[in-house]
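# structure for this input, please:
(one chain, ligands or ions: 2)
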Amino acid sequence: MGSVSVSRRGLSKGQRWVVKIGSALLTDNGRGVNNSAICAWVAQIAELRQQGVEVVLVSSGAVAAGMDRLGWNRRPESIHQLQAAAAIGQSHLVQVYEQAFGLFDIRSAQILLDHDDLSNRTRYLNARSTLRTLLSLGAVPIVNENDTVVTDEIRFGDNDTLAALVANLVEADALLILTDADGLFTEDPRDNPDAELVGEASALDPRLLGMAGDSRSGLGRGGMTTKVRAAQLAARSGACTVIAGGAREGVVTRVWRGEDLGTLLLPEADPLAARKRWLAGQLQVRGSLTLDSGAERALRDGGKSLLSVGVTAVQGRFHRGDLVSCLDGAGHEIARGLVNYDSSESARILGQSSERFVELLGYRDDDELIHRDNLILL
Ligand SMILES: Nc1ncnc2c1ncn2[C@@H]1O[C@H](COP(=O)(O)OP(=O)(O)O)[C@@H](O)[C@H]1O
Ligand SMILES: N[C@@H](CCC(=O)OP(=O)(O)O)C(=O)O
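Numbers count the residues shown, from 1 in each chain. Ligands and ions are numbered 1, 2, ... in the order given. Purely as a prediction, here's the structure:
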């Protein structure tokens, strides 16, 4: 699987990171919320922020923290008891984070998501806009599954998957999964103490899932299997994943600096191509926009976003967040992208500058009709 490489050095170039902290770690194996560990991770995240890295934190631990507060020492079977424990634990957890981030003058924000939020396009885009806005305000969003409203069938099942979906959502450069093992080993080290740490591999290497086993802690859910799957999911939008031991001193900043810690799982060679392909594979084309020559040039040569002022016609019926084609004057498709306004709104703002959006639509959300990050040139 090779040793550490140039790819490790690339980690510090990432501008947006998702850091996921698992239950067993957070609660010191069920012994209440580990305040000092949380303070240490928060201090490291504050350092990353200082270096210009935007961080989204995905934190598990609500059920485990709630169990501790309720004096339960076994994870309940009943979904309602789990939900109740999560509700009690989550508010405590967020309070601890809020205090810790406060020491660094960083605002934190609670985001609770469920499966529908990420499979429904409008809610997906809304979640994305909120996360992006929070990041641009310098805040650290703290994400967890919305355990109160989910039922068994629609649970993500584990926060590793949720973290990978969030990495896709915010188009993160890296996903750091902190857990109670030092990374992915060739076998569960609890079964075989001679198992070796995998230093680096392609996230898509088929051997990885054969090495990964389940969780044993009774607090965590997915074990290494969901972490490897999460790395594969994150790789789809071009993110690399590091699975590392969260109890190691300075782990977040050390991984960021490229130190040889944990397991680095890489996306395919060209992350940008992966990201665009991921975008293209998202949806069916629902409509099209015809561009004037200025807009065509801005897209083709300038790598710019599509503004409504450069659109001359709107075809089809589509919603905000749908995939639409961008056509040149002769009707040839030159690009595809996720549109920020639905078809009737797009028809009202075509040819107009975004300054008139409020007057024409009654509101203005995004200045661009299609943001360049959501645009694929053909
Ligand atoms: N190949 C492996 N390498 C390392 N750990 C493994 C492996 N297979 C299974 N595990 C288990 O996965 C656990 C971490 O997953 P989990 O308990 O779900 O933690 P978290 O709460 O951080 O998500 C480890 O404690 C370890 O016992
Ligand atoms: N939403 C749940 C997540 C549980 C979970 O997935 O835990 P983990 O496997 O430790 O990431 C909680 O906060 O307890």
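# in stretch 322-338, what's buried?
Buried positions in stretch 322-338, judged by neighbour count with 16 or more other Cβ atoms under 10 Å: 322-328, 334-338. In short, each C-beta sits where N, CA and C put it, glycine included.
# neighbouring contacts of it?
121, 125, 279-280, 282-293, 296, 299-300, 306, 312, 316, 318, 321, 339, 342, 370-371, 374-378 (Cβ atoms under 8 Å, 6 or more residues apart in numbering).
# go on, stretch 128-146?
Applying Cβ under 8 Å, 6+ apart, the contact partners of stretch 128-146 are 16, 45, 49, 54-60, 62, 90, 93-94, 97, 101, 106-114, 117, 155-156, 159, 162-163, 166, 169-170, 365-366.
# any of these buried? List them.
Neighbour counting over the contacts of stretch 128-146 (16+ other Cβ under 10 Å) leaves 16, 45, 49, 54-60, 62, 90, 93-94, 97, 101, 106, 108-109, 111-114, 117, 155-156, 159, 162-163, 166, 169-170, 366 as the buried ones.
# which of those fall in strands?
Using DSSP state E, the subset of the buried ones among the contacts of stretch 128-146 located in strands is 16, 54-59, 108-109, 111-113.
# sheet-wise, list the partners of the helix or strand residue 376 falls within with their directions.
Taking DSSP states H and E as the definition, residue 376 sits inside strand 375-377. Applying DSSP bridges, strand 375-377 is found paired with strand 333-338 (antiparallel).
# the strand it pairs with: what's the following helix or strand?
Next in sequence after strand 333-338, counting helices and strands by DSSP H and E, comes helix 343-349.
# and that following helix, what's buried?
Counting neighbours by 16+ other Cβ under 10 Å, the buried set in helix 343-349 is 343, 345-346, 349.
# same check, this time on stretch 297-307
For stretch 297-307, the neighbour count (16+ other Cβ under 10 Å) marks 298-299, 304-307 as buried.
# Serialize those to CSV and add fields for secondary structure and pLDDT.
Output for the buried residues of stretch 297-307, formatted as CSV (DSSP: H, G, I helix; E, B strand; the rest coil; pLDDT from 0 to 100):
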residue, secondary structure, pLDDT
298, helix, 94
299, helix, 94
304, coil, 93
305, coil, 95
306, strand, 97
307, coil, 97
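# what parts of this structure come near ligand 1?
With Cβ under 6 Å from any ligand atom as the criterion, the chain comes near ligand 1 at residues 22-25, 60, 179-181, 184-185, 187-190, 211-213, 215-217, 220-224.
# and those residues, which are buried?
Judged by 16+ other Cβ under 10 Å, buried ones among these: 22-25, 60, 179-181, 184-185, 187-189, 211-212, 215, 217, 220-224.
# for the closest residue to residue 262 other than its chain neighbours, give the beta-bridge partners.
Once flanking residues are discounted, residue 262 sits nearest to residue 244: 2.9 Å by Cβ to Cβ, 6 or more residues apart in numbering. Note on residue 244: beta-bridge partners by DSSP bridges are residue 178.
# would you reformat the buried residues of helix 343-349 as a markdown table and include distance to ligand 2 and pLDDT?
Below are the buried residues of helix 343-349 laid out as a markdown table (distance: Cβ to the nearest ligand atom, whole Å; pLDDT from 0 to 100):
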| residue | distance to ligand 2 | pLDDT |
| --- | --- | --- |
| 343 | 37 | 96 |
| 345 | 36 | 96 |
| 346 | 38 | 97 |
| 349 | 40 | 96 |
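# could you list the buried residues of the helix or strand hosting residue 69?
Per DSSP H and E, residue 69 falls inside helix 62-70. Judged by neighbour count using 16+ other Cβ under 10 Å, the buried positions of helix 62-70 are 62-68.
# and those, which is closest to ligand 1?
Nearest to ligand 1 among the buried residues of helix 62-70: residue 64, at 8.5 Å, using Cβ to the nearest ligand atom.
# re earlier: looking at the ones in strands among the buried ones among the contacts of stretch 128-146, spot the one nearest ligand 2.
Nearest to ligand 2, judged by Cβ to the nearest ligand atom, of these is residue 59 at 7.2 Å.
# where does pLDDT dip in the stretch 251-378 of the chain?
Applying pLDDT under 70 to the stretch 251-378 of the chain picks out residues 269, 271-283.
# what's the neighbour count on the closest residue to ligand 1 within it?
Residue nearest to ligand 1 within the stretch 251-378 of the chain: residue 263 (8.5 Å; Cβ to the nearest ligand atom). Look at residue 263: counted by other Cβ atoms under 10 Å, it has 25 neighbours.
# report pLDDT for residue 52.
As predicted, residue 52 sits at a pLDDT of 95.
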